[in-house]
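Participant: What follows is a predicted protein model with its sequence.
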Amino acid sequence: MDIKTLLELMFGLLTVASAIWVAFTPKLLHAGFSLLFTFFGVAGLYVMLGADFLAAVQVLVYIGGILVLLLFGILLTTAMPTAELTVGGTRRGQGLALGMLLLGLLLLAVFRAGWPLSMNALPETTASDIGKGFMTTWLLPFEVASILLLGAMLGALHLARRAGEDQ
Amino acid sequence: MDFAALVQHLRAALPEAVLEEHPEAFSPWILVRREALAELAPLLRDDPALDFNQLMCLSGAHAPGPEGERLWSVLHLYSTRHGHKLGLKVVLDVADPACPSVAGVWATADWHEREAYDMVGITYTGHPDLRRILCPDDWQGHPLRKDYVAPATYNGMPLD
Amino acid sequence: MDFLMGNIWLWGPITAVVIAAVITVNALVSVYLERKVSAWMQNRLGPMENGPQGIFQTLIDAVKLILKEDIIARGIDRPLFKMAPYIVFGASFAVFAVTPLAEGVSPADLDVGVFYVLAISSFVAVGIMMAGWSSNNKWSLYGALRGVAQAVSYEVPLSLAVLTVVMAAGSMSLQTVCVEQGGGFWNWNGLALHKNPFLVGSFLIYFIASLAEVNRTPFDLPEAESELVGGYHTEYSGMRFALFFLAEYANMLAAGILASVLFLGGWQPLLPALDFVPGPLWLFGKAYFFVVLQIWIRMTLPRLRVDQLMYVCWKVLVPGALAMLVLGGLWQLMIKG
Amino acid sequence: MSLHFYLVIGAILFVLGILSMVTRRNAIALLMGVELVLNSANLNFVAFARFTQAKPIEGQVMSIFIIILAAAEAAVALAIVMNLYRQQRSIQVDEAHELQG
Amino acid sequence: MHMESRELFLHGSRVPDTGPDGELMTLNMGPQHPSTHGVLRLELKTDGEEVAHIRPHIGYLHRCFEKYCEKLTPPQIVPYTDRMDYLGSMNNNLGWAVACERMMGLEVPEKVEYMRVIVAELNRIASHLVAIGTFGLDMGALTPYFYCFRDREMILDIFEEICGARLLYNYIWVGGLSHDFLEDTDDKILRFCDHFEKRIDNELNPLLTFNKIFVNRSANVGVMTPEQAWSWGVSGPSLRGSGVDFDLRRDDPYSIYDRFQWKVCVGEGLMGAVGDCWDRHWVKVLEMKESVKIIRQAVASRPKEGDVKEKVPARVKLPAGEIYCRTETPRGELGYYIVSNGGNQPERVKVRPPAFCNLSVIDEISRGALIGDVVAILGSLDIVLGEIDR
């Protein structure tokens, strides 16, 4: 088998398996740590798709940032490490039925739609192209995104402050 | 103030408190009526003429005396400003080992009273947290009593 | 993507084995160095029993660690507990994949090399948290929380300092960064006042932040043995503990390698005339210079407190790094045109 | 591998994310579901860009914007969760009535 | 009382379990912990990294010293006093000897008094060196610890020469000393003094005392006011660190301390508030210098002739009565309360160990501190568990 295909399969399997664990494990912490592998698998798929810069961003932001934030949130909202952390599922049956339905629909769409396929040669490096894109074509969204991040940071800081610390 | 003046001062302030005085001892001391200690202690610390700001030591003892075996709670006070010392002794019956606590006056007494409770079994009334301090919390008996017999086992463990 | 194109069945395993060997040997060398350097600083002899000057002591300790029982206490979250050391070790392992060894020679010359290193090292934080939480020990939990907070915070000044170099070199590839600094030590980023003086400031900030990233004194709070017993790896023993240990020393070396690549020319010789000495020797020589520096600092300085740690990061290093970035960029624009 | 492989993985991720959001009561578990959905969207963007477009960069740029959004969303959401926990000692979402106006 | 003791053990009685931000976490520091300086258990109630309350649990090293004293004659008790504060054994010996001699009305020869002061001050330096070294170690400074122990080793060598023991000396006896100095002991001591004074200024202070990180870690941490110190019976360098000018060697003199020129060192808040951890450390550093001064004077003026054991009585019998006698050990006020009925053994001996009282203040001075600060505060209080538990 082609090494690339093998890697794609492996990353795909890792992604799906860990995502299933995220959705179904009864332990909150396990869901959180399982997410690590989902993010990593997706990053691997990005590499397979020739998006190496994006893969690095994925790892840096999702694993180094969001996942750590989520785990921190879990630890801070539970008093003791020994406490059994259940995710508290409800409506499991209905949810499952809905999910199956949705999955069926999506798969139908994936396989029935006629995608205009046109494989292109991979660019030499994506990072500089993306950088140039941000500074030219997508300058406005880029600036808006940075303002959004600033706003989110300030908002999060404000929200996370304790009640007595307002002065 | 020397010892005689101290005793005189105390007798004037609280006539009932001082039962005996022993100026001849190596560390002169007075025998204090148990009930008066709670009143006496703040006076000793706050009266500017006495100003006993340091409780050097608080000892519990179990000693045989002329009237049979008694428990002692002995306080040794020192005033850094005046440089005078005073020993206070409260004598208690083994059957009724309650003594007013002075932990609210000198914080030093907090742990020392716990130790006296632990070792000779004086129960200090008004102590904020009277627990054993050196022995385990579920230890039986008070080791420094003269009639203390070391138990053979502790929680099933043999003791030698 | 080049490394996928060649004969990966051949090169992949060989590279992996070589990196693993380098990490292991590095741990042995670094531990021995740490013992001997600290002994020398403290009027002691250090290990003397096994081999001349005790050089086999660390080897024997490694054997001991491998043979020791792997204790898993009751109440521990087994899957996470068992997985954590591998994640931490794997992350520090993967960092070495982009080491530029000589001109055109590196296990994998990624276009986003610097970025890759920064991204991969964020795995360590998750691994530490996994270890600390699953140990079911409050000291470990404290160690994990401290470790993660520290790793996340110090990544900011670290990345900013690295960015200055990336800006100067115009590339994120570690090879290119090395090539840029050729022609003698006065062209090395960390010393080249004529090229871009603000890189020197970035060098300092990078080094301080990297100390925190690899949990070395004065920033060794996650494992502060006098406060947290052993921090996140308190409950580990035997082989799993050895993995943490390996990872820690691998991280020290990786920080040293990155520092020498970014700021001291990597495989570039001191003088162009010293070209005949192979590049890897230069690189590892410089990297071990940083390792010894880390040991020296550990033996000299006390440890910071948690709040002071955060103060240093957010109020000293981050503004400093930002200033270096902006000023360095301006310099780049104005002076170099 | 073809486009379909990536699309299927994207679809599975999406469904699992929706499932988490629907069935979980813990606020943080819910957030994890959201992250799964965002990841599936990203994967689709990149895959489409790779397989159907002349310039694969645009899909990646879109993904980066989504990642930025995700980071901002996670930060704010966790701040809200922390606040919720501080006031109610619980982060089960169906017990959070105070958020209703 | 016993019924609820188990409950008390597990939950405590006066420590609330809630803080401003919800539940407090109970964290057990010890009995096995690198920074408890022995077998001590601190029960910390923490809110994140912040410590709300500390409850010390002691007694893990309880060796029934007071019970033994009721079965032993005063000379037999001397070796037991060694084992209380094992870092300052000479001072413990001295306190016991002084108490017994006062009861018996015994005058010891001049020569013995001088030699006692010399060894007691040497032991004070040795003890402070351990305290300073481990204090640094608590904050993560590894090297000063070894430097301190190197200098302490020189003192231990001197002690080994004069009494054969390096830790538990049994040197100061009731009425005299166990051995005379050797021919060259004086020279050795003076050589140590010369060497050591330089070490403080050139090595210890730059490396540790004025290290920026060390100062930041210890200044304004664990501030103890003079009122708190007096109330809790804190003594020794910890009391003087709070700016209280009080030293038993000067203010309640024993032996021949009144013959020497030296000064009592107090904390002045050079780096932060008066009475913080840095001040307690600084007082110890200054005190070592003062001890060197005392030693120099004592060595210079001590009588060389005479036997150190001539006044040691064959059978020591304490006359009936009671005494509370206190001396200044490296850690503070060591008091012996002795009740005797005139028999061979004392009726009751109660020890007032300085570290016992010094430790009791820890809850009050570390409210709101961080976990790292607790370690620093504990280190600065310089406790010896052998003495606290006896």
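Facilitator: Yes, it's here. Numbering: from 1, shown residues only, chains lettered A, B, ... in the order given.
Participant: Count the neighbours of the closest residue to C:Ala255 other than its chain neighbours for me.
Facilitator: With C-beta to C-beta, 6 or more residues apart in numbering or on different chains as the criterion, C:Ala255 has its nearest non-adjacent residue at 4.1 Å, and that residue is C:Ser210. In this view, the C-beta of every residue, glycine as well, is placed from N, C-alpha and C. Using other C-beta atoms under 10 Å in any protein chain shown, C:Ser210 is surrounded by 26 other residues.
Participant: In contact with C:Ser210, which residues?
Facilitator: Counting by C-beta atoms under 8 Å, 6 or more residues apart in numbering or on different chains, C:Ser210 touches C:158, C:255, C:258-259.
Participant: Could you do A:Phe142 as well?
Facilitator: Listed by C-beta under 8 Å, 6+ apart, the contact partners of A:Phe142 are A:134-135.
Participant: Mind checking the pLDDT average for stretch C:74-83?
Facilitator: The average pLDDT for stretch C:74-83 rounds to 84.
Participant: number of nearby residues for C:Gly201?
Facilitator: Using other C-beta under 10 Å, C:Gly201 has 19 neighbouring residues.
Participant: any idea how far it lies from C:Leu322?
Facilitator: When distance is defined by C-beta to C-beta, to the nearest Å, C:Gly201 is 11 Å away from C:Leu322.
Participant: Can you tell me the closest non-neighbouring residue to the residue nearest to the spatial centre of chain A?
Facilitator: Centrality entry for chain A: nearest residue to the mean C-alpha point is A:Phe39, 5.4 Å, by C-alpha atoms, centre = their mean. Nearest residue to A:Phe39, sequence neighbours excluded (C-beta to C-beta, 6+ apart): A:Tyr62, at 4.3 Å.
Participant: Could you check how far the one you found is from E:Leu177?
Facilitator: For A:Tyr62, the distance to E:Leu177 - C-beta to C-beta - is 74 Å.
Participant: who's more crowded, these two?
Facilitator: Applying other C-beta under 10 Å to A:Tyr62 and E:Leu177 shows that A:Tyr62 carries more neighbours, namely 29 against 25.
Participant: isn't the residue nearest to A:Phe39 right up against A:Phe37?
Facilitator: No: assessed by C-beta atoms under 8 Å, A:Tyr62 is found out of contact with A:Phe37, at 11.6 Å.
Participant: Need the distance between the two termini of stretch B:13-21.
Facilitator: End-to-end distance of stretch B:13-21 (C-alpha to C-alpha, to the nearest Å): 16 Å.
Participant: Report the buried residues of it.
Facilitator: Residues of stretch B:13-21 classed as buried by neighbour count (16 or more other C-beta atoms under 10 Å in any protein chain shown): B:13, B:17-18, B:21.
Participant: Show me which of those is closest to chain A.
Facilitator: B:Ala13 (47.2 Å; C-beta to the nearest C-beta).
Participant: was I right about the closest one contacting B:Leu43?
Facilitator: Yes: the pair formed by B:Ala13 and B:Leu43 meets the contact definition of C-beta under 8 Å, at 6.0 Å.
Participant: Look through the stretch 1-150 of chain C and state the residue closest to chain B.
Facilitator: Chain B sits closest to C:Arg74 of the stretch 1-150 of chain C, with a gap of 21.6 Å, by C-beta to the nearest C-beta.
Participant: and that residue, how many neighbours?
Facilitator: By other C-beta under 10 Å, 5 other residues sit near C:Arg74.
Participant: One more: E:Phe210?
Facilitator: E:Phe210 has 14 neighbours, counted by other C-beta under 10 Å.
Participant: Look up how far chain B lies from it.
Facilitator: Using C-beta to the nearest C-beta, to the nearest Å, E:Phe210 is found at 32 Å from chain B.
Participant: just E:Leu72 next, same as before
Facilitator: For E:Leu72, the distance to chain B (C-beta to the nearest C-beta) stands at 15 Å.
Participant: can I assume the residue of the stretch 1-150 of chain C closest to chain B sits in a strand?
Facilitator: No: going by DSSP: H, G, I helix; E, B strand; the rest coil, the assignment for C:Arg74 is coil, not a strand.
Participant: so how far is C:Phe244 from it?
Facilitator: 21 Å.
Participant: I'd like the contacts of C:Ser210 written out as a markdown table, with pLDDT and secondary structure added.
Facilitator: As requested, those are exported to a markdown table (pLDDT from 0 to 100; DSSP: H, G, I helix; E, B strand; the rest coil):
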| residue | pLDDT | secondary structure |
| --- | --- | --- |
| C:Leu158 | 91 | helix |
| C:Ala255 | 89 | helix |
| C:Leu258 | 89 | helix |
| C:Ala259 | 90 | helix |
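Participant: how about the residues you listed in a markdown table, adding neighbour count?
Facilitator: Below are these laid out as a markdown table (neighbours: other C-beta atoms under 10 Å in any protein chain shown):
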| residue | neighbour count |
| --- | --- |
| C:Leu158 | 26 |
| C:Ala255 | 26 |
| C:Leu258 | 28 |
| C:Ala259 | 22 |
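Participant: so which of the residues you listed comes closest to E:Trp96?
Facilitator: For the contacts of C:Ser210, the residue nearest E:Trp96 by C-beta to C-beta is C:Ala255; the value is 56.3 Å.
Participant: how about the closest one, what does it touch?
Facilitator: Each residue near C:Ala255 by C-beta under 8 Å, 6+ apart is listed here: C:210-211, C:213-214, C:290, C:294.
Participant: Around E:Asn92, how many other residues sit close by?
Facilitator: The number of residues packed near E:Asn92 is 30, by other C-beta under 10 Å.
Participant: Quick check, it in contact with E:Pro79.
Facilitator: No: if you go by C-beta under 8 Å, E:Asn92 and E:Pro79 don't touch, sitting 10.2 Å apart.
Participant: Quick check: the residue nearest to the centre of chain A touching A:Val57?
Facilitator: No: at 11.3 Å, A:Phe39 and A:Val57 do not qualify as touching, with contact defined as C-beta under 8 Å.
Participant: so where do the helices sit in the chain?
Facilitator: Assuming you mean chain A. With helices called from DSSP state H, chain A shows them at A:3-24, A:28-48, A:52-57, A:68-76, A:92-112, A:126-135, A:139-160.
Participant: wrong one, chain D
Facilitator: D:3-23, D:27-52, D:57-88.
Participant: Pipe the ones you listed into TSV and attach distance to chain C and mean pLDDT per row.
Facilitator: Formatted as TSV, those follow (distance: least, C-beta to the nearest C-beta, whole Å; pLDDT from 0 to 100):
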stretch	distance to chain C	mean pLDDT
helix D:3-23	17	86
helix D:27-52	13	86
helix D:57-88	12	83
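Participant: Make JSON lines out of those and add distance to B:Gly104.
Facilitator: JSON lines is the format used below for the helices of chain D (distance: least, C-beta to C-beta, whole Å):
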{"stretch": "helix D:3-23", "distance to B:Gly104": "58"}
{"stretch": "helix D:27-52", "distance to B:Gly104": "48"}
{"stretch": "helix D:57-88", "distance to B:Gly104": "36"}
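Participant: do you know which of the ones you listed lies nearest chain B?
Facilitator: When the helices of chain D are compared for distance to chain B using C-beta to the nearest C-beta, the nearest one is helix D:57-88, at 31.2 Å.
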